[in-house]
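1. here is my input; please provide its structure:
(3 chains)
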Amino acid sequence: MSQLVQDKRPVATVRSGPLSHARLPRWAPAAIAAGSIAAGCGIGLAAGWQSRVQWGMIAALVFVLATYVITTKVENSRQAKDRVATSLVWVCFVLAVVPLFSLAWVTITKGLEVVDGYFLGHSMNGVLDAEPGGGIYHALLGTIEQVLIAAVIAAPVGLLTAIYLVEYGRGKLAKAVTFFVDVMTGIPSIVAGLFVLATWNLMLGFGPSGFAGGLALAILMMPVVVRSTEEMLKLVPNELREASLALGVPKWRTILKVVLPTAIGGITTGVMLAVARVTGETAPVLLLVFGTKLINPNPFEGAQSSLPLYVYEQYAVGTDASIARAWGAALVLIAFVMILNLVARGIARWKAPKTGK
Amino acid sequence: MAKRIDVSGLTAYYGSHKAIDDISMTVEPRSVTAFIGPSGCGKSTFLRTLNRMHEVTPGGRVEGKVLLDDENLYAKDVDPVAVRRTVGMVFQRPNPFPTMSIFDNVAAGLRLNGTYKKNQLAEIVERSLRGANLWNEVKDRLNKPGSGLSGGQQQRLCIARAIAVEPDVLLMDEPCSALDPISTLAIEDLIGELKERFTIVIVTHNMQQAARVSDRTAFFNLSAVGQPGKLIEIDDTERIFANPSVQATEDYISGRFG
Amino acid sequence: MDTATTTSAPPPRAPQQTGTTRGKPRPGDRIFLGMSRGAGIFLLVIMAAIAGFLTYRAGIAISKDDANFLTTSEWNPAGDPPVFGIAVLAFGTVVSSVIAMVIAVPVAIGIALFISHYAPRRIATPLAYVVDLLAAVPSIIYGLWGAIFLVPYLDGLNSWLNEYLGWTYIFEKTGEGVARNLFTVGILLAIMILPIITNVTREVFLQVPKMHEEAALALGATRWEVIRMSVLPFGRSGIISASMLGLGRALGETMAVAVVLSPSFVISGHLLDPGGGTFAQNIAAKFNEADEFGRDALIASGLVLFVITLVVNGAARAIIARRKEYSGANA
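-> Have a look, this model is predicted:
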């Protein structure tokens, strides 16, 4: 840069000589990574740290630093920055994958130890906390009933609201609805639970029931359904609507016969994803459904159980047998949610609205 | 500063699809070379191989040699970043950085390549904007976003940004196709001035434009859709338009196809 | 009847109705519009009811509170006189969420960049899919995993931090005890909100116009410089709103915190000491033993949480809306 200062007329840059400069071989990042992992393990072993978390942190640190130092030496500082950014991005990736992978692995291995036909087909009736056995039949039943109640309430309301926003919505009311749907998406589940508690239970004097839980879940579901349905309806090309209206078909029949069938795949997906989301909600269920060990098939009367609540209860009991049951229920819950997700996405792909390429 | 480009046996692929096949040509320094040809004939692809932008496209890869004076751009230890720094490019649609001011847009390339004192930077920015015939229009609003300019001004801003780093070669990929006739004229005038300092290669769909601005013209063609594009002939622009040596060139120029 | 027609007459959107059958829309259209508009209004009513009823019940509780509701760090609504306040809960909620954000936002940006710009495509596509699915994992499962697996792993890290960073006060460990502290809660929350932030951020990064990236590339920018010059500036507001969504989730998270934290009603800057609490965790933990007045007190704390998340989400929406205008102006 000193040349620059001496020149009277500033020249853009010192002319770069040849286009090539020394570059690290292609295997260098992998080698540095391997070296860093070795260093992390070595230092960890030498210092006698129990926790692998520290080993990993040391390895990541060594990886980034070594990348920087080596690239600066061999290449130049711009390349070094680029490579450090790359290495940081990879570290982020590993940082995220490790816990998430561990979560999946632990849930599956621990869960599989417990889950069998008996576990799925029996309740906790008469099972002591400390003894193994028992099952989740009552919780599974409760979850399905509560989620169905929520879906029966939320899906039509959400669907109609979305139709209103896309097909009719103009002016202040539509704007207000759009805004509050957004706000509603962010309501913590426990607040929805408290709301139903304050009205249904405290105000109207009903006891805990699956229905109360379903109400809270419906509140959580509605905005999700509205949002996804809205997106899908917007994808339906306007030409379709106009073609139908031009034939003299009334608007409401156009919506029912043309718009909705075109978007039905996406709408189904949206509803299923919303169902999957509320299936895992624990907090409102804890407040409203109360939990029981017995099979209660009637969601309108008396306490029920549910899968997430069951996981929580069994964990809270804290005996070996109950924690094993908690893992089992967690696996069933996660499988339930994932299957819903996968099926929903499958439908979305299968019945994707044809928007003319 | 302007350098000669020698291409020999250059073939470019998108994945398994061969986009251009075995192209060899020489581009003289301090001249304007125009690439013409029907859509899909690979002229833009070929242009992008000259500063190693082609390989940025997923699946893009290149075989053959491109010599810049005597250095092969595709030699093993050549850094594509350094190549792009030496061979500047202007795109079809004006693409100033939307979040940067006019000044920062022009200075963007300089800031990548080194540190400058404030007044040096200001001087280079002014020189580049003058070089792009834009200075008088923007000198009072250098701190406003570049996206606030008109299309033609944005394109000249992009040219200023490209020449600020003093490249050896300037590639232009249909630089006027998104502009109105008056802005097009301004850019064409500018190209005439810039060739005093740079080697310029321009892809264009507009044959009158090629005839107006270029010293040499290369005609590309493809035998059928899906077939790779080929260089049909390259010659002085006057020869190409008056008396081409290949029948296909004459057909294209006289508007019989394409 | 007159008023009904005037209120339900569709805005000028649908000219074919007024055009052919003057004045009177078809009954089918009226009913359908009424139903869909009714659904929209129903949603508004629910929102209003949530705010209204929570405020009403909270009012009952706070009027009988013998202490300052906002500044008291004690929770004893069953006492005589009842004394309860949210100071500890507000502190714990904010601290754990801040820790979560500090960890999750940079890592999420990193993963989003990894998926959008760094990873080879055959890794990126399935990875994006998996991250999508992870956002759907129920929070109770994160809690279970956190309590049983994460806590023991973090014990070592805690004593390490205490040893080397104890002088910073916040990492000083003043007593024994496993890592059921706000720091662990923060880490767990970070892991939980990571998929959400990553998803939204990735979407934004993928929307960066190719021509802006090519502009930077053609100037001779390295990959990192391309990201810094065109991807990050373009995605900035998207990153902010994604973070706010994650923050909203972290603030309201109940079960994972309830399972991992060993709560106490103390405000302590020593993050590694067990104790503290959050709004949602406190509600879940105290609910079963609370009488009706105790539940009103919990509802009062829930109202505060509701208002906080409202503000955070509102801010996120405002930022997204502004971004839309901004990108429209440049289109």
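2. what stretches of the chain score poorly on pLDDT?
-> Here I'm looking at chain A. Where chain A drops to pLDDT under 70, the residues are A:1-18, A:50-51, A:352-357.
3. ah, I was thinking of chain C
-> For chain C, the ranges with pLDDT under 70 are C:1-24, C:323-331.
4. assign the residue in it that chain B sits nearest to to helix, strand or coil.
-> Using Cβ to the nearest Cβ, residue C:220 is the residue of chain C that sits closest to chain B, at 2.9 Å. Heads up, the C-betas are built off the backbone N, CA and C, glycines and all. What DSSP: H, G, I helix; E, B strand; the rest coil gives for residue C:220 is coil.
5. and it, how many neighbours?
-> With neighbours defined by other Cβ atoms under 10 Å in any protein chain shown, the count for residue C:220 comes to 25.
6. isn't it up against residue B:108?
-> No - Residue C:220 is beyond contact range of residue B:108, at 10.4 Å (criterion: Cβ atoms under 8 Å).
7. just to revisit the earlier point, nearest residue to the residue of chain C closest to chain B in space, please, no chain neighbours.
-> residue B:85 (2.9 Å; Cβ to Cβ, 6 or more residues apart in numbering or on different chains).
8. count the residues that sit near the nearest residue to residue C:141 once chain neighbours are set aside.
-> Among residues not flanking residue C:141 along the chain, residue A:330 sits closest, at 4.9 Å (Cβ to Cβ, 6+ apart). Residue A:330 is flanked by 31 other residues according to other Cβ under 10 Å.
9. my guess is residue A:330 is in a helix, correct?
-> Yes - assessed by three-state DSSP, residue A:330 belongs to a helix.
10. residues contacting it?
-> Residues near residue A:330 by Cβ atoms under 8 Å, 6 or more residues apart in numbering or on different chains: A:107, A:110-111, A:311, C:140-141, C:144.
11. where along chain C do the strands fall?
-> Using DSSP state E, the strands of chain C run over C:75-76, C:83-84.
12. which SS class is the residue of the stretch 51-200 of chain B found nearest chain C?
-> Minimum separation of the stretch 51-200 of chain B from chain C (Cβ to the nearest Cβ) falls at residue B:85, amounting to 2.9 Å. Taking three-state DSSP as the rule, one finds residue B:85 in the helix state.
13. from residue B:52, how far off is it?
-> 11 Å (Cβ to Cβ, to the nearest Å).
14. now do the SS call for residue B:20.
-> What three-state DSSP gives for residue B:20 is strand.
15. got any ranges where the stretch 1-150 of chain B has weak pLDDT?
-> Within the stretch 1-150 of chain B, the segments meeting pLDDT under 70 span B:1.
16. write out the residues of it neighbouring chain C.
-> Residues of the stretch 1-150 of chain B lying close to chain C by Cβ under 8 Å from any Cβ of the partner chain are B:51, B:53, B:56, B:58, B:81-86, B:88-89, B:91, B:93, B:95-100, B:108-109, B:112-113, B:147.
17. mind running it again at 7 Å?
-> Applying Cβ under 7 Å from any Cβ of the partner chain, we find that the stretch 1-150 of chain B lies next to chain C at B:51, B:53, B:56, B:58, B:81-82, B:84-85, B:88-89, B:91, B:93, B:95, B:97-99, B:108-109, B:112, B:147.
18. next helix or strand past the helix or strand hosting residue A:149?
-> Assessed by DSSP states H and E, residue A:149 sits inside helix A:137-163. Downstream of helix A:137-163, the first helix or strand assigned by DSSP H and E is helix A:171-185.
19. could you tell me the angle between that next one and helix A:137-163?
-> Relative orientation of helix A:171-185 and helix A:137-163, computed by axes from the mean of the first three to the mean of the last three Cα atoms, to 10 degrees: 160 degrees.
20. what residues of helix A:171-185 count as buried?
-> Using 16 or more other Cβ atoms under 10 Å in any protein chain shown as the test for burial, helix A:171-185 gives A:173-174, A:177-178, A:180-185.
21. report the angle between the helix or strand following it and helix A:171-185.
-> Remark: after helix A:171-185, the chain's next helix or strand is helix A:189-196, criterion DSSP H and E. Here helix A:189-196 runs at an angle of 110 degrees relative to helix A:171-185 (the same axes, to 10 degrees).
22. could you say what helices and strands helix A:189-196 packs with?
-> Under the contact definition 3 or more Cβ pairs under 7 Å, 6 or more residues apart in numbering or on different chains; DSSP states H and E, helix A:189-196 sits against helix A:210-235, helix A:283-288, helix C:27-64, helix C:232-252, helix C:279-286, helix C:292-329.
23. which residues outside it are in contact with it?
-> Contacts with helix A:189-196, where a contact means Cβ atoms under 7 Å, 6 or more residues apart in numbering or on different chains, come from A:212, A:215-216, A:219-220, A:281, A:283-284, A:287-288, C:50, C:53-54, C:252, C:254, C:280, C:283-284, C:299, C:302, C:305-306.
24. okay, helices next: where are they in the stretch 1-150 of chain B?
-> Under the criterion DSSP state H, counting those that start in this stretch, helices of the stretch 1-150 of chain B are mapped to B:43-49, B:80-86, B:102-113, B:118-131, B:135-138.
25. domain ranges for the chain?
-> With no chain named, the answer covers chain A. With domains defined by automatic domain parsing, chain A comprises A:23-105, A:137-350.
26. let's do chain C instead
-> Chain C breaks down by automatic domain parsing into domains covering C:2-64, C:83-329.
27. for residue C:279, see how far away the most centrally placed residue in chain C is.
-> Central residue of chain C (Cα atoms, centre = their mean): residue C:248, 1.6 Å from the mean position. Look at residue C:248 and residue C:279: by Cβ to Cβ, they are 13 Å apart.
28. same thing with residue B:111?
-> 47 Å.
29. please apply the same query to residue C:121.
-> Counting by Cβ to Cβ, the gap from residue C:121 to residue C:279 is 43 Å.
30. neighbour count: the two, which is higher?
-> Applying other Cβ under 10 Å to residue C:121 and residue C:279 shows that residue C:279 carries more neighbours, namely 30 against 10.
31. residues in contact with that one?
-> Shown in contact with residue C:279 (Cβ under 7 Å, 6+ apart): C:89, C:93, C:301-302, C:304-305.
32. CA atoms only: put stretch C:50-66 into PDB for me.
-> Extracted in PDB, the C-alpha atoms of stretch C:50-66 (Å, rounded to 0.1, in the frame of the first residue of the first chain):
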ATOM      1  CA  ILE C  50     -58.500 -13.500  26.000                       C
ATOM      2  CA  ALA C  51     -57.300 -10.000  26.800                       C
ATOM      3  CA  GLY C  52     -60.600  -9.100  28.600                       C
ATOM      4  CA  PHE C  53     -61.000 -12.200  30.800                       C
ATOM      5  CA  LEU C  54     -57.300 -12.400  31.700                       C
ATOM      6  CA  THR C  55     -57.300  -8.700  32.700                       C
ATOM      7  CA  TYR C  56     -60.500  -9.200  34.700                       C
ATOM      8  CA  ARG C  57     -59.300 -12.200  36.600                       C
ATOM      9  CA  ALA C  58     -55.900 -10.600  37.000                       C
ATOM     10  CA  GLY C  59     -57.600  -7.500  38.400                       C
ATOM     11  CA  ILE C  60     -59.300  -9.600  41.100                       C
ATOM     12  CA  ALA C  61     -56.000 -11.000  42.100                       C
ATOM     13  CA  ILE C  62     -53.900  -7.800  42.000                       C
ATOM     14  CA  SER C  63     -56.500  -5.800  44.000                       C
ATOM     15  CA  LYS C  64     -56.000  -8.100  46.900                       C
ATOM     16  CA  ASP C  65     -52.300  -8.300  46.600                       C
ATOM     17  CA  ASP C  66     -50.700  -6.800  49.700                       C
END
